[in-house]
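Undergrad: no sequence on hand, only this structure:
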């Protein structure tokens, strides 16, 4: 894929986002990516995989060859996937996304509330934690930052394994799986929730099962 195609795709995405009132953080949420990746695409910097372009297209109920066609008619709101419509409503209600910074204890406590949803022996990727942080707290954190917290601050509960994600078509360094080696104690969870000061959504987390 050459730069001209990326530029054209970025322009089209920008037009769709403007029409439906979405921001890069919303696109990232809908395809389980990061705001940084979407911003890079919109700024035409770096590289982007075809799989990502296809996922973005599906946000609007389209295939890549439809979305990437500048002459293709934009879909109506009612024809969009339900999750996309819900996100549009959410963004309209919430208003423009505000970047936030968090101190280490607060972020650690939020990660703790997410780890509490796992069972001993469950395996997960840092991306799974990143997704839940965004879903539960509207907080965007990098996978490297989450990995650092798991290894340095929460290593009494979590172990980094030597198992990597094996996904076809993915290039570059493969992320390592983490395993919960100790269930989060009830008292620790209660203290974390108290510090966070919010009710954590009771939604399932992504697991790969036990070894």
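TA: Thanks, I have the structure now. Here the structure is a predicted model, which is why all the values come from computation and not from measurement.

Undergrad: secondary structure element for the residue at the greatest distance from the centre of the chain?
TA: Of all residues in the chain, residue 71 has its C-alpha farthest from the mean position, at 30.2 Å, by C-alpha atoms, centre = their mean. Assigned by DSSP states H and E, residue 71 falls within no helix or strand.

Undergrad: all further residue positions should be reported with the first residue as 215.
TA: OK, 215 is where the count begins now, so the last one is residue 285.

Undergrad: residue ranges with poor pLDDT in this protein?
TA: Counting by pLDDT under 70, the chain has low-confidence residues at 215-218, 260-261, 313-319, 380-387, 412-425.

Undergrad: and the helices in it?
TA: 217-234, 238-245, 249-256, 264-273, 278-281, 296-308, 318-329, 340-351, 357-366, 400-410 (DSSP state H).

Undergrad: which one of the ones you listed lies nearest to residue 391?
TA: Residue 391 sits nearest to helix 340-351 of all those, at 9.2 Å, using C-beta to C-beta. (Glycine included, C-beta is placed from N, CA and C.)

Undergrad: so which bits of that closest one are buried?
TA: 340-348, 350-351 (16 or more other C-beta atoms under 10 Å).

Undergrad: from those, which is closest to residue 229?
TA: Distances from residue 229 to the buried residues of helix 340-351, taken by C-beta to C-beta, are shortest for residue 348, at 24.6 Å.

Undergrad: thinking the closest one is in contact with residue 356, fair?
TA: No. Counting by C-beta atoms under 8 Å, residue 348 sits too far from residue 356 to count as a contact (11.5 Å).

Undergrad: and the top strand by length along the chain, what does it pack against?
TA: Among the segments of the chain that qualify as a strand by DSSP state E, the longest is strand 372-378. Contact analysis of strand 372-378 by 3 or more C-beta pairs under 8 Å, 6 or more residues apart in numbering; DSSP states H and E lists helix 357-366, strand 390-394 as its packing neighbours.
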